[in-house]
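# Could you work out the structure for the sequence below:
(chains A and B)
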Amino acid sequence: GAVVSQHPSWVICKSGTSVKIECRSLDFQATTMFWYRQFPKQSLMLMATSNEGSKATYEQGVEKDKFLINHASLTLSTLTVTSAHPEDSSFYICSAVWGYSNQPQHFGDGTRLSIL
Amino acid sequence: GQQVMQIPQYQHVQEGEDFTTYCNSSTTLSNIQWYKQRPGGHPVFLIQLVKSGEVKKQKRLTFQFGEAKKNSSLHITATQTTDVGTYFCAGSNPTGAGSYQLTFGKGTKLSVIP
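Model prediction:
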């Protein structure tokens, strides 16, 4: 089956640090990748949609200068949380889709980010 | 924007009892997908429903898509401890960019008492 690898799985860092999270599709080419944020015991909130070769589309309320997304290739997307603060602490999870049709999303294992 | 409501938020059942979670969308969907997230894990795709009135079965799981393509349900017969987790429905509609975003419901957390 389709495998998506997300790295790192856990990050603890000081306030003001920038953190980069990688999302890779290992056995398929992901034309679209999605970045979600999940608060404890809550649902997945879509942050942005990333298509290979174009700029990411951010959801309303998500600061694009705060959460930098780069879809460098058909198998790699990165999310950089710039100048992270404690309120950015959360579970970030990516998903990848092959093609542009109604395909299931394949999720990475997620990254738990804790900002001290 | 599109909203997807899911109830109940929590459900505790005795092992062997049935379980149902319901999903309602504020808009007509092109398809609905169901995912399961185990504690500490990531969402795993279960199934996709596309057609109006569609019913699909996976062993003890039965998925339905409403005639108006605005609601859906997941029913588990004779729950087992391995069914524990949070079940999310997610509605899909095409965006202007041609990619299909999912709007997730809040999920139903299922606990099974042995």
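# A:K64 looks like it's in a helix, true?
No: counting by DSSP: H, G, I helix; E, B strand; the rest coil, A:K64 is located in no helix; its state is coil.
# Not including adjacent chain positions, what is the nearest residue to it?
Setting aside the residues directly before and after it, A:K64 is nearest to A:Y58 in space (CB to CB, 6 or more residues apart in numbering or on different chains), at 4.8 Å. From N, CA and C alone the C-beta is placed, and that goes for glycine too.
# likewise A:N51?
A:T32 (5.4 Å).
# The one you found and A:A48 touch, don't they?
No: between A:T32 and A:A48 there is no contact under CB atoms under 8 Å: 11.0 Å.
# thinking again about what came up before, count the neighbours of the residue nearest to A:N51 for me.
Neighbour count for A:T32, taken as other CB atoms under 10 Å in any protein chain shown: 24.
# now do the one 4 residues further on
Other residues within reach of A:Y36 by the criterion other CB under 10 Å amount to 25.
# That one contacts A:L46, doesn't it?
Yes: the pair formed by A:Y36 and A:L46 meets the contact definition of CB under 8 Å, at 5.7 Å.
# Chain neighbours aside, what residue packs nearest to the spatially most central residue of chain B?
The structure's chain B has its C-alpha centroid closest to B:C89; by CA atoms, centre = their mean the separation is 3.4 Å. Closest residue to B:C89 apart from its sequence neighbours, by CB to CB, 6+ apart: B:C23 at 3.6 Å.
# what does the average pLDDT come to for the biggest strand by length in chain B?
Longest strand of chain B, by residue count under DSSP state E: strand B:85-94. For strand B:85-94, mean pLDDT rounds to 88.
# Identify the residues contacting it?
By CB atoms under 8 Å, 6 or more residues apart in numbering or on different chains, the list of residues contacting strand B:85-94 from outside reads A:43-44, A:102, A:105, B:2, B:4, B:6, B:21, B:23, B:25, B:27, B:29-39, B:41, B:43, B:46, B:72, B:74, B:100-105, B:107-110.
# Same check on stretch B:48-64?
With CB under 8 Å, 6+ apart, stretch B:48-64 has contacts from A:102, A:104, B:30-34, B:46-47, B:65-69, B:72-80.
# Show me where chain A has its strands.
A:4-7, A:10-13, A:19-25, A:32-38, A:44-51, A:57-58, A:67-73, A:76-81, A:90-97, A:106-107, A:111-115.
# what pairs with the last one, and is each one parallel or antiparallel?
Right, strand A:111-115. strand A:10-13 (parallel), strand A:90-97 (antiparallel) (DSSP bridges).
# Give me the neighbour count for the residue nearest to A:S73 when sequence neighbours are not counted.
Among residues not flanking A:S73 along the chain, A:E52 sits closest, at 6.8 Å (CB to CB, 6+ apart). Look at A:E52: counted by other CB under 10 Å, it has 16 neighbours.
# so what's A:E52 up against?
A:A30, A:T31, A:T32, A:H71, A:S73, A:L74.
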